[in-house]
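Asker: would you be able to build a 3D model of this:
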Amino acid sequence: MRETKTPLKTAKPNLIAIVGGSGAGKTWLSDQLEKAFGKSAARLSLDNFYRDRSHLTAKQRSAINFDHPRAIDWKHVEHVLNKISKGHSARAPRYDFTTHTRVAKEELMKPKPFIIMDGLWLLRRPAVRKLFSCRIFIDCPRSLRLQRRLHRDLLERGRNRSAVKKQFTRHVEPMHHRFVSPQLRSANIVLRNPSESEVIQLAEKIKDLLKFN
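Answerer: All right, here's what the predicted structure looks like:
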């Protein structure tokens, strides 16, 4: 684990951004931190803020580049994060990746000491980036990200191997280099394939941050 010189903020609640490429391990790290913080933590995912595509045909949806930041409803992201950062509850959308549409029932997010949010582009937009007290970037090699992407999309999203590899080559990697990788410079902490022992250290650092609020 390597720390940068950028100081951590101490605002309440503490919003924690976990950023990295597709398959970098963002969900795993979010799960581990949530376990470490217990009832003091709540979770959000940028994935749930993809724009609703229910008005398009299945063929039109399949042609969309979902690895470009414009696929996200950023106004909605800012609205939810601003409310939570001020200590208010907010309703967050839910997304179905098999149909590329929003789920009708939203999730009520209540403010807690730690709000953990993972996503591809959370550190790219200044208005969103400034809301996070802690900004973590997972720097993971391409081969491992592809392996994890295949495993996830085949099991959880009903895709086939050929389609997953094609999308990774045509969209995921070019968008990774253009939009994801540059965010490393905005991170407080950079992790490379984090282990469970590093997660424990990271959790303690964030707990210390809360004590000084």
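
Asker: residue ranges with poor pLDDT in the protein?
Answerer: For the chain, applying pLDDT under 70 flags the ranges 1-11, 156-158, 209-213.

Asker: what's the single longest strand in it?
Answerer: strand 101-109 (DSSP state E).

Asker: buried ones in that one?
Answerer: T101, R102, M109 (16 or more other C-beta atoms under 10 Å). Placement of C-beta: from N, CA and C, glycine included.

Asker: any idea how far Q32 is from E196?
Answerer: For E196, the distance to Q32 (C-beta to C-beta, to the nearest Å) stands at 7 Å.

Asker: try L81
Answerer: For L81 relative to Q32 (C-beta to C-beta), the value is 22 Å.

Asker: now S45
Answerer: 15 Å.

Asker: mind checking which of L81 and Q32 has more residues around it?
Answerer: When neighbours are counted by other C-beta atoms under 10 Å, L81 and Q32 differ, and L81 comes out ahead with 24 against 19.

Asker: which ones are touching the more buried one?
Answerer: L15, M117, V128, L131 (C-beta atoms under 8 Å, 6 or more residues apart in numbering).

Asker: so the first one makes contact with R129?
Answerer: So the one you mean is L15. No - at 10.3 Å, L15 and R129 do not qualify as touching, with contact defined as C-beta atoms under 8 Å.

Asker: pick out whichever of the two has more residues nearby.
Answerer: Legend: neighbour count by other C-beta under 10 Å for L15 and R129, higher for L15 (24 against 17).
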